[in-house]
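J.: sequence below, structure please.
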Amino acid sequence: TMVMRLLGQKSSRGLLGLARAGMTRLFAESDEQIRVSEAPMSLNPSMGQKQADGEGPINRLLDAYKNVIQQSLEKDHPRSVYDIKKPRWKMEFVSCPFTGNSRKRLDFRSMKLEYLPTPKGLEKTRPVQLANNLEEVVKSEGAFTLDTIKKMNDGKLGDFYEKLPQSEEVDFAMLGEYIPPSEDSLLLNLACKHKCRYIMSTSTISSFLVHLDYIFTQFTSPFYPHVSASYRQSFKLFIMSMRKPNTSYATLVSTNPNVFAIDNDSGLLGESSVVFLKMGKYLEQMMTNTPAQFKHRYLLSTKGERKNNRYSTKEFYSFLKAGNILLRSQIDAGYTDSNGNLKKIEIKTRAVAAQRYDAADYQKYFDYSLGTRIGLYLSWEREYNDLIRGAFLKYVHQLTIGDMSGAIIAHHNTQQIFGFEYFPRWHMENCVYGSQEHAKVCFSASLNLLEKILNEVLQQENLTAIGNTVKIGCCASFEQNILIIMVEHIGDKITYKRRLDEECPHDEDRDIIDYYIKSKVVPIVNKYVVRIEPIINGIFIEYSAPYSQGDH
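T.: Here you go, the predicted model:
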């Protein structure tokens, strides 16, 4: 946020300037533009040029929006040439000459992906099992309503899922704490053992990978199978919250050898966002514990009855080595299939659409329910449509990193759960990319480009002491088809957050600009631009062509 606002005030190339000037038109793009870009004539690469006939509403619309339409062509092949240009910026917004301009070939096939065996000492750990007959959900297609789940449990659940506990009733000390990659000694030891340069987790890097995906696919809209006619007139692009800039911290955690940890930047979360995050933590436990177990282990009302008031369960992790990157994925649950194989799955909890769109006043929608199968409102179809536009892309990355087969989702309104739904990974890949083959290519290419970007950026930033940290912001530009990266030196995260708490102690007053005005800290911010050009079968093309098996 700081980077956007500082560089965007006077520079159209700053992230805020980009959001105001370019993305405003993107977000306000009309449905007519999207529909025309998907018409059969859009398969012609020269469709943006004025047609010979010259008249008619379609031709006039094509002529008026030729740049938008050209960028909205069906683009399926990930880019294979990237170009990094790095001007340096000062606080006064004065641009210095380019200090670097490198053009290199990126071959997505060169990235070797390897799932590592379970680290020594953790061989006996296993992911927890789903409880309350929820394993039946992952073995079938479609949504399971709460009434169906209650019947499957012969009435033993009572009001367990109908009356959800609130945050003040839960003992969060029993839920365990998230360990950021920069504080994970096991992850660091594995990185040194396998000669990896970067360590990260699914939550810290999935948002970054989303922007890389946008560049490879040039913001191609997702696919909408099994959606009724009610949504034919709705927007097809990924939702705005998916397209917003993302920031992370890169910290030097070892100098022999050099290892950098990528941590998530939670930003200045509002109260409503914290509520959803907190609920997600204990709703997961409600899906892996019976009502009696959950009450005894996690509610404050039974704290005096517990012998151990500290979290003791060992988390189960999966590790993926991709080039010089080591990724950690927490496995939420697992089940044994009919062949006796362990299937790892992700647990997701999702508030209804009305609450997500109006998170600041989520309490107004306590009476919102999922009462119908299809329709624009109060329906399971509404949630499915929003999952495609706003969640599946991230989920695919997380599932692939963890080698998981799918995700089970609990739909709720913070007061009760309406039901559960399971989506296999292949289904999400088809919705986002159109095919599993293309999903595999994009994932490999994104990690390959991520490694190249980190190599270039962190070499230029020259972090030398353990604890040195830079804040990295990234945003994919729809209009220019480039990836914009901002890098700010913050010293170390502890000092940075302490100053923020001291200068802006009240949440309602927190503003990153106020922090710099009050603290008189002058930030050092560098800007990088990554441009990608496509090559398919050895030929440069100005548009993306569908990738199929055998292409290169």
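
J.: and D159, what helix or strand is that in?
T.: Taking DSSP states H and E as the definition, one finds D159 inside no helix or strand.

J.: gap between it and L134?
T.: D159 sits 17 Å away from L134, taking C-beta to C-beta, to the nearest Å as the criterion. Where you see a C-beta, it was placed from the backbone N, CA and C, and this is true even at glycine.

J.: which one's more surrounded, the two?
T.: Per other C-beta atoms under 10 Å, whichever of D159 and L134 has more neighbours is L134, with 22 against 10.

J.: if you skip the residues just before and after it, what's nearest to the more buried one?
T.: M287 (5.8 Å; C-beta to C-beta, 6 or more residues apart in numbering).

J.: export only the CA atoms of the strand or helix carrying the one you found, formatted as PDB.
T.: Here M287 sits within helix 271-288, counting by DSSP H and E. Extracted in PDB, the C-alpha atoms of helix 271-288 (Å, rounded to 0.1, in the frame of the first residue of the first chain):
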ATOM      1  CA  GLU A 271     -11.900  -5.900  11.800                       C
ATOM      2  CA  SER A 272     -14.200  -7.800   9.500                       C
ATOM      3  CA  SER A 273     -11.300  -9.400   7.600                       C
ATOM      4  CA  VAL A 274      -9.900 -10.600  11.000                       C
ATOM      5  CA  VAL A 275     -13.300 -12.100  11.900                       C
ATOM      6  CA  PHE A 276     -13.300 -14.200   8.700                       C
ATOM      7  CA  LEU A 277      -9.700 -15.300   9.200                       C
ATOM      8  CA  LYS A 278     -10.300 -16.300  12.800                       C
ATOM      9  CA  MET A 279     -13.500 -18.200  12.000                       C
ATOM     10  CA  GLY A 280     -11.600 -20.100   9.300                       C
ATOM     11  CA  LYS A 281      -9.100 -21.400  11.800                       C
ATOM     12  CA  TYR A 282     -11.700 -23.000  14.200                       C
ATOM     13  CA  LEU A 283     -14.200 -24.000  11.600                       C
ATOM     14  CA  GLU A 284     -11.500 -26.300  10.100                       C
ATOM     15  CA  GLN A 285     -11.400 -28.000  13.500                       C
ATOM     16  CA  MET A 286     -15.200 -28.400  13.500                       C
ATOM     17  CA  MET A 287     -14.800 -30.400  10.300                       C
ATOM     18  CA  THR A 288     -12.100 -32.800  11.800                       C
END
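
J.: elements contacting that helix?
T.: If contacts are counted by 3 or more C-beta pairs under 8 Å, 6 or more residues apart in numbering; DSSP states H and E, helix 271-288 sits against helix 291-298, strand 342-351, strand 406-412.

J.: compare these and give me the one nearest P257.
T.: Ranking the helices and strands packed on helix 271-288 by their distance to P257 (criterion: C-beta to C-beta) puts strand 342-351 first, at 30.6 Å.

J.: give the buried residues for that closest one.
T.: Within strand 342-351, the residues scored as buried using 16 or more other C-beta atoms under 10 Å are 343-351.

J.: swap in stretch 306-325?
T.: So, applying 16+ other C-beta under 10 Å, buried residues of stretch 306-325: 311, 316-323, 325.

J.: quick one on the thing from earlier: which of the buried residues of strand 342-351 sits closest to S228?
T.: Out of the buried residues of strand 342-351, the member with the shortest distance to S228 (by C-beta to C-beta) is R350, at 20.4 Å.

J.: do you know how far that closest one is from Y365?
T.: 14 Å.

J.: okay, strands next: where are they in the stretch 51-200 of the chain?
T.: 81-85, 88-89, 101-105, 113-115, 143-145, 198-201 (DSSP state E, counting those that start in this stretch).

J.: and the ones you listed, which one is worst for confidence?
T.: Mean pLDDT values for these show the minimum at strand 88-89, a mean of 33.

J.: and stretch 424-441, how far from the chain's centre?
T.: Centre-to-centre, stretch 424-441 and its host chain are 16 Å apart (C-alpha atoms, centre = their mean, to the nearest Å).

J.: no further queries at this time; thank you.
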